[in-house]
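Novice: What follows is a predicted protein model with its sequence.
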Amino acid sequence: MAVLVIANFALPSLHPVLWSAIGCSSVAAILLGVHLHKPRKRAPWLLLAGAVACFITGDLIADVLTRLLHQSGFPSLADALYLTMYVLIAAALVWLYRLGVVRRDLGGLFDAVTLTAGLGLLSYIFLIRPYVDNPNLSTLDRSISIAYPLADIVVLLVGARLIASVRFHAALALLALGGVGLLSSDVGYGLHQLAGSWHTGGPIDIGWAAFYALWGVAALHPSMRQLTEPQVHRGGEERLGRLLLLGLSLFIAPIVLFVEMRGGQVRDAAAIAAVSALLSGLVLLRLGRAVRAQRLTVQRERRLRSAGAALLMATDAGGVARTVRGAVAELLPPGGSYAVALGPARGPKVSMPYLSELDPELAAELGGFEVALCCPLALADGRAAERALYVAADEVVLAGLQEAAQILATQAAMALERIALGEEVGRRNSEAYFRTLVLNTADVILIVGDGDLVGYASPSARALFGSDLLGTPLPTAFAEESAAEVARRLAEVRAAGPVRHPAPLPPDLPRRPVDAPVADSARPGQDLQVTGPDGRPALVEATFRDLRGEPTVRGVVVTLRDVTERSRLQAELYQRATFDALTGLPNREVFLTRVQEAVASGAETGATVGVLIVELDDFKVVNDTFGHGAGDALLVAVGQRLTEALRAVDGSYGAAGTVARLGGDEFAALVRRAGTSADVERVAERVLQSFKAPFELAHGTVSATASIGVATTAEAATAQELLRHADLAVYVAKDAGRDRWRRFESSLHSAVVERHKLRADLDRAIAGEAFLLHFQPIVTLADDRTRGFEALVRWDHPTRGMVPPDEFISVAEESGLIVPLGAWVLSQAITAAAQWRIAYPEDEIYVSVNVSARQFRSPDFARWVLAEIDRMGLPPGGLLLEMTESLLLHDDGEVAAELAALRQAGVRIAIDDFGTGFSSLSYLRRLPVDVLKLDKSFIDTVVSSAEQHAVVDMIVQLARILKLQVVAEGIETSAERDLLVTMGCDHGQGYLFSRPLSYRDASQWLSDDASGPQRGGRTAA
């Protein structure tokens, strides 16, 4: 560029080409500098490059218009580019100020405005007013002419603001000199234009050439990155040159006024007055800022003194850290976000690093800020700081905190040094205390020298060994089975070398996790055995540490701790954790482990492995009948019998394995190394036969049966699959009638999957209320008059069709879905009964609804039922709740209370399927019931069987005596009805009278019943 400038002045004829080359070189230099140095933000430098490009493009256009086309270059497109240049320069300088000047000092702004105001007055007098007063200029010409000096004033203002606020460095100096060249040439150009003496190639071009060259060099200089980097600024006294420049600016207005007065005419009195007033205001604001800064300094010093006093009270590193965090919070402006941490120092000086440059853990603790202030915790004696105070916040806030944070860091360093010295003094004072502890501790501390001879033994060694062991080879002091292990570990610890004690880490640096492995020389090995002075063996835990490198020890330190009692407790805990406390059999975890071992062994040898899951049938009945003590005794006896049964078949059909109790009344047996799956089935048959004999317990003789599920490795590859398959087989055995065994087949899994799918469909059907409610009439047997209906739920599945109740009701019971399903049935049935009561009030029609045990035990069941019938206006007597005998027989206080509340309100209770469960005629007298419903199995043979006839007749007569109503279910022939009538049974239901009806058909049935003849034997469609 220097060569191009010299050639430009030496060869005026090539001015357009050479001048354009100078400008383009400047643009290229700026772009190259941005590429090479990669500043924090590239946009301000790109704006500067754009400004230079606009300038050189305007020069080129002006040269073409004047030199080549011989046209006037004013006004033209060149003027638009020139003015755009000033806008881009101002924007770039403001952007650089916002990025790199983290110290927002209003004093610098006041100084920049002061300088600009003084120089602006001169610009107005010599450059602006002549254009304003020139009558020969058009409005456009006058506006453009005035815009140039105004643009220079704006650039001067933002440039002075940047220079006054940022630390001076090479790139900034080059930019400043280039700006001075630009503004100087602009002023010279304006004055020559007014005088009419402007021509290209004169000395005025030197300033513009300097502008091009210096800005290009500024971008190429490495210090250009500092203009966009957060910097640490030091506060200090004002520089003399800056004060002198400001003073000269203040005298510009008086000097101009004096000169015009000497000339005999004051033409710019208004401008001089305005500038003087502005400068006076700026001086007052500057003084106000100084007073405020002094007040803030006093407040900061007061807070630092308070923090220093708090640091004197701190007793540990954590207290120092808390005090520092509190002091930083007081020094920062209120309401702003910040983060404080102590971490490793980065150097001896204060710096503002990016969080991305810090340790990840430290950066995470400081939060999502971009930069942090790092103040080393350095002492005045010159020692290098190991830690530093880090404060992360907005850059502007950090700039104002720098000096205070450094003072606070020094105070913290002094506090930590004081604490460390105090701890050292305390350590030395406590040596006697620790010596006393060693002499009186229950642990044995030995120092073993060369030849494995004991050179020191704590007094507790006599209590453990019966002697002090001094001069004794250590291995000989242990029992014979442990002596070799002691010698081996002594040799091993010596081979590993002395333990190196690392320097202590600062509190804020990361440490080894608590569970990280220690050095091999310090790791405890297996427990060793010694013989005590009384001859009894004792177990000790031994730790060996090589401290031969310690001048005060010079040997291997062996620490022994008596763990005899602990070992006994551990063995007891292991027994409790792995064996069932009641039966003494292994638990589920142990059983699973042994099954895994058997499966792995069988995979190698080709043997078949089998698992039997044994569940007692009706075990709850034993508990309810004989008490839980008898139930526990039965479980113990079952465990013994299973063990004996497997021992009896051991070797016949394969090696018998483990018998375990899985929980409750569920047991498991393992058959190892069976020949085929048929051998495992024979074992299951033998186990099932072992239950034929009753169990003789202290509480009496108890008969018990079991359901057994069998699975083998023929269908399963892992232990988990074996157990899962056996569980499925048990489920099938129970479903098939109990007291039998079933082996897993692939079809069982399909059935279970199908059942789970049915459950999912049922869940969706309940949510969508996709059910139907049918009603089967209950009639008076003597005249076939309808007295009520039994509500029966039906499910019309979208793909399966009509699903029988015995399929989905059991699924609903298992899954708990019976509660919402039953609530829907009850609500619909009560609604129907209420409507029939309104339509036929004289018939007092009631509805009978089955209620499951789960449903009855749901919270506030009785309250909900009563609220529902009250909502529909149904008299309580219009609802009959049917429940099983088992629910009524159990001594359940909650159920009894719910029943009492319902019956007290008038709701009637019926025993459903009477005679099929645990029926005993003696308990009918005390049960809270109103109706007995005879199961269909009694009615089917009441005509053909004299014995069944007698049983039904007895039940009916007993119900009459107890004033209970009897409803016979499943009546299908007139003979059955006639026989029941002769017995005195009043009511019945069945296909003889009607199949279950829809609500509309049931309503029509009632209408016909009220108006038509008797309908005996008529069956509804």
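Specialist: Great, that's in hand.

Novice: And the helix or strand where Ala90 lies, how far out from the chain middle?
Specialist: Remark: Ala90 resides in helix 77-100, with elements defined by DSSP states H and E. Centroid separation for helix 77-100 versus its chain: 50 Å, with Cα atoms, centre = their mean, to the nearest Å.

Novice: go on, stretch 607-620?
Specialist: 42 Å.

Novice: Repeat that for stretch 302-322.
Specialist: Distance, centroid of stretch 302-322 to centroid of chain: 36 Å (Cα atoms, centre = their mean).

Novice: Can you point out the buried residues in it?
Specialist: 303-304, 307-308, 310-311, 314, 317, 320-321 (16 or more other Cβ atoms under 10 Å). C-beta here means a position set from N, CA and C on the backbone, and glycine is covered the same way.

Novice: What of stretch 584-600?
Specialist: Neighbour-count burial for stretch 584-600 [16+ other Cβ under 10 Å]: 585-587, 590-592, 594-595, 597-599.

Novice: How about stretch 481-501?
Specialist: 482-483, 485-487, 489-490, 493-494, 498-499.

Novice: Make JSON lines out of the residues you listed and add pLDDT.
Specialist: Below are the buried residues of stretch 481-501 laid out as JSON lines (pLDDT from 0 to 100):
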{"residue": "Ser482", "pLDDT": "87"}
{"residue": "Ala483", "pLDDT": "86"}
{"residue": "Glu485", "pLDDT": "88"}
{"residue": "Val486", "pLDDT": "89"}
{"residue": "Ala487", "pLDDT": "89"}
{"residue": "Arg489", "pLDDT": "89"}
{"residue": "Leu490", "pLDDT": "88"}
{"residue": "Val493", "pLDDT": "87"}
{"residue": "Arg494", "pLDDT": "87"}
{"residue": "Pro498", "pLDDT": "69"}
{"residue": "Val499", "pLDDT": "55"}
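
Novice: Identify, from those, the entry nearest to Gly181.
Specialist: Gly181 lies nearest to Val499 out of the buried residues of stretch 481-501, by Cβ to Cβ, at 71.1 Å.

Novice: hey, C-alpha coordinates of the helix holding Ala90 in PDB?
Specialist: In PDB, the C-alpha atoms belonging to helix 77-100 read as follows (Å, rounded to 0.1, in the frame of the first residue of the first chain):
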ATOM      1  CA  LEU A  77     -24.200   8.300  -6.300                       C
ATOM      2  CA  ALA A  78     -20.700   8.800  -4.900                       C
ATOM      3  CA  ASP A  79     -22.200  11.100  -2.100                       C
ATOM      4  CA  ALA A  80     -24.700   8.300  -1.100                       C
ATOM      5  CA  LEU A  81     -21.700   5.900  -0.800                       C
ATOM      6  CA  TYR A  82     -19.700   8.400   1.200                       C
ATOM      7  CA  LEU A  83     -22.500   9.000   3.700                       C
ATOM      8  CA  THR A  84     -23.200   5.200   3.900                       C
ATOM      9  CA  MET A  85     -19.500   4.900   4.800                       C
ATOM     10  CA  TYR A  86     -19.900   7.200   7.800                       C
ATOM     11  CA  VAL A  87     -23.000   5.200   9.000                       C
ATOM     12  CA  LEU A  88     -21.100   1.900   8.800                       C
ATOM     13  CA  ILE A  89     -18.100   3.400  10.600                       C
ATOM     14  CA  ALA A  90     -20.300   4.700  13.400                       C
ATOM     15  CA  ALA A  91     -22.100   1.400  13.700                       C
ATOM     16  CA  ALA A  92     -18.800  -0.600  13.800                       C
ATOM     17  CA  LEU A  93     -17.300   1.600  16.400                       C
ATOM     18  CA  VAL A  94     -20.400   1.400  18.600                       C
ATOM     19  CA  TRP A  95     -20.400  -2.400  18.200                       C
ATOM     20  CA  LEU A  96     -16.700  -2.600  19.200                       C
ATOM     21  CA  TYR A  97     -17.500  -0.500  22.200                       C
ATOM     22  CA  ARG A  98     -20.300  -2.800  23.300                       C
ATOM     23  CA  LEU A  99     -18.200  -5.900  22.800                       C
ATOM     24  CA  GLY A 100     -14.800  -4.900  24.100                       C
END
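
Novice: what residues does it touch?
Specialist: 40-41, 43-45, 47-48, 50-52, 54-55, 57-59, 61-62, 65, 144, 147-148, 151-152, 154-155, 158-159, 161-162, 165-166, 226-231 (Cβ atoms under 8 Å, 6 or more residues apart in numbering).

Novice: Now, these that are in helices?
Specialist: 43-45, 47-48, 50-52, 54-55, 57-59, 61-62, 144, 147-148, 151-152, 154-155, 158-159, 161-162, 165 (DSSP state H).

Novice: If any of these are buried, put those into a PyMOL selection.
Specialist: Only the buried entries of the ones in helices among the contacts of helix 77-100 go into this PyMOL selection, using 16+ other Cβ under 10 Å:
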select buried, resi 44+45+47+48+50+51+52+54+55+57+58+59+61+62+144+147+148+151+152+154+155+158+159+161+162+165
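
Novice: thinking again about what came up before, give me the subset of the buried residues of stretch 302-322 lying in helices.
Specialist: Those of these lying in helices (DSSP H): 303-304, 307-308, 310-311, 317, 320-321.

Novice: Serialize these to TSV and add fields for pLDDT and distance to Ala339.
Specialist: Shown next, in TSV, are these (pLDDT from 0 to 100; distance: Cβ to Cβ, whole Å):
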residue	pLDDT	distance to Ala339
Arg303	76	19
Leu304	76	20
Ala307	77	18
Gly308	77	23
Ala310	79	20
Leu311	77	20
Ala317	81	19
Val320	84	17
Ala321	84	13
